[in-house]
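Colleague: let me see the structure of the following:
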Amino acid sequence: MSPAAETGPPAFSARTILALVAVGLVSFSGLAVLSAYAPELRGGADGQAHALSASAIGFKGAVVMLKAEDVPTVISRAAPKVQTESTPLLVLTPSLVNDAQDLTPFGKQEHVLIVLPKWAVAPQALRLGFVDKVGIVEASPRATDLLKAYAPTTEIAHRKAVTRPVLRAGGAIFATGTYLPLGDIEGLQTISGEGWEPALVDEEGHIVLARSKTHQGVLVLADPDLLNTQGLAKLDNARAGMAILNTLRGGDGVMFDVTLNGFKRGRGIGRLMLEPPWLSATLCGVAAALLLGLHGLARFGPTRLPGRAIALGKRPLVDNSAGLVRMARKEHELAPAYAALILAEVTREAGGDRTASAEETERWLGDLAHRRGAASPAELRAEADRAKTPDDLLTIGRKLYHWKLEITRERR
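Modeller: Residues are numbered from 1 along each chain as shown. Next up is the predicted model:
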């Protein structure tokens, strides 16, 4: 059987290979884009207390209710900026892992509402975004450290069991006679301490909503159950929570910050390349890469056949001889022979007498060079004899070339 008959079909066709390459390129491009925007594409289904979370302790319900009332409401993933035209109410929902340094970037905001954490929860294994209540956390030590930029001390207290408290105005923010009955709240959380003044108090006089004495635009809501999902499930709590937000925001909107909860929009070279004005440069680069790839798929020109291991002809012989001279570092010794070759060519091309003796030819070339205003052949021979390095060989070679052009009047 012939070798051709034994050869089977190829394992993959060209079309299959191209399809695999295309799928790989598209998949890699998609992975690169998703990696660049990963922080922004993260959902809020982690069950924690922030505006993206729909869990029992999350504040997504408050966002939905504000939007239903046509209140301008946004969820901010970006670093805080000083507002110049409008000053929305900025709602911060720090956790127990945050400290005073995390709140420093928000120090120049004019209207800030800080909602303190209250509940310790554990995520449910089989239901994403759902949590199980573990208990009420003891937040007094952490609260003092978190809010030390606004008050020297901060104490947190809790009522026992489930109660139905009533909130009343405790300062100048809410109108006198403000009455906000609440639904069932377990372990109502209140705040006290030097540096805080009341804005809303319960029927026992404990502060539920406090304002900093040194930073009048900073307020702290002690109990998050007035704004989180489990609190808003009760109508009285929802009314009280919306009343607090609407009073504090005035005629402006509400901005819920989630950067403290780990959802800050990242910056990097990937996002920079995928957003204007650098997006155009990225697209041009991708197009150039595709064109280069397509160009590489097609063969251009005839197939180059393999040559002999030892080439034949004069040129390989000359190349090998030149290589031997170069290896021996004897290039400069070729200068006198090269000078003699050029002088012989000039004699022939300038119309010299080939039957004349060497002395007559030398004298004739000297007279011709003198009439042309060029160097004499004797000077060139002497300089060639003095060559000691390859650089000297190149120098005398250039001089002989230009001397030949001058004597023979060749066009350069």
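Colleague: strands along the stretch 1-150 of the chain, start to end?
Modeller: Taking DSSP state E, counting those that start in this stretch as the criterion, the stretch 1-150 of the chain contains strands spanning 73-76, 89-92, 112-115, 119-123, 131-136.
Colleague: how distant is the host helix or strand of Leu400 from the center of its chain?
Modeller: Applying DSSP states H and E as the criterion places Leu400 in helix 390-408. Remark: helix 390-408 is offset 57 Å from the chain centroid, using Cα atoms, centre = their mean, to the nearest Å.
Colleague: and that helix, what's buried?
Modeller: Buried residues in helix 390-408, defined by neighbour count with 16 or more other Cβ atoms under 10 Å: 392-393, 396-397, 399-400, 403-404, 406-407. Every C-beta, even on glycine, is put in place using the N, C-alpha and C of the backbone.
Colleague: what would these look like in TSV with pLDDT and distance to Pro88?
Modeller: Formatted as TSV, the buried residues of helix 390-408 follow (pLDDT from 0 to 100; distance: Cβ to Cβ, whole Å):
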residue	pLDDT	distance to Pro88
Asp392	90	82
Leu393	89	82
Ile396	91	84
Gly397	90	81
Lys399	91	83
Leu400	90	85
Trp403	88	87
Lys404	88	86
Glu406	86	86
Ile407	84	90
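Colleague: any low-confidence regions in the stretch 151-300 of the chain?
Modeller: Confidence mapping of the stretch 151-300 of the chain against pLDDT under 70 gives the ranges 266-268, 299-300.
Colleague: just the strands from it, written as ranges.
Modeller: Counting by DSSP E, counting those that start in this stretch, the strands of the stretch 151-300 of the chain are 155-158, 162-163, 166-169, 179-181, 185-186, 189-192, 196-201, 207-212, 218-221, 254-257.
Colleague: right, so of these, which gets closest to Leu128?
Modeller: strand 254-257 (21.3 Å; Cβ to Cβ).
Colleague: what's around Leu200, how many residues?
Modeller: 26 (other Cβ atoms under 10 Å).
Colleague: I misspoke; the intended subject was Thr347.
Modeller: Thr347: 20 neighbours (other Cβ under 10 Å).
Colleague: pretty sure it sits against Glu362.
Modeller: No - counting by Cβ atoms under 8 Å, Thr347 sits too far from Glu362 to count as a contact (9.5 Å).
Colleague: what sits against Gln146?
Modeller: Quick fix: residue 146 reads Leu, not Gln. 94, 98-100, 103, 154 (Cβ atoms under 8 Å, 6 or more residues apart in numbering).
Colleague: let's go with 10 Å and repeat that
Modeller: Taking Cβ atoms under 10 Å, 6 or more residues apart in numbering as the criterion, Leu146 is in contact with 94-96, 98-103, 114, 116-117, 139, 154, 220.
Colleague: equivalent analysis for Ile114, please.
Modeller: Contacts of Ile114 (Cβ under 10 Å, 6+ apart): 90-94, 103, 106, 143, 146-147, 150, 210, 212, 218-222, 260.
Colleague: may I see the ChimeraX selection of the buried members of those residues?
Modeller: To isolate the buried ones among the contacts of Ile114 in ChimeraX, judged by 16+ other Cβ under 10 Å, type:
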select :90,91,92,93,94,103,106,143,146,147,150,210,212,218,219,220,221,222,260
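Colleague: quick check: domain ranges of this structure?
Modeller: Per the record, the chain has its domains at 16-42+268-292, 44-261, 314-408, by automatic domain parsing.
Colleague: okay if I get these as CSV plus distance to Leu305?
Modeller: Below are those laid out as CSV (distance: least, Cβ to Cβ, whole Å):
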stretch, distance to Leu305
domain 16-42+268-292, 26
domain 44-261, 63
domain 314-408, 17
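Colleague: quick one, which of the ones you listed is packed in tightest?
Modeller: Ranked by mean neighbour count, the domains of the chain are led by domain 44-261 with a mean of 18 (mean count of other Cβ atoms under 10 Å).
Colleague: what's the span of it, first residue to last?
Modeller: 10 Å (Cα to Cα, to the nearest Å).
Colleague: what of stretch 180-199?
Modeller: Note: stretch 180-199 ends 13 Å apart using Cα to Cα.
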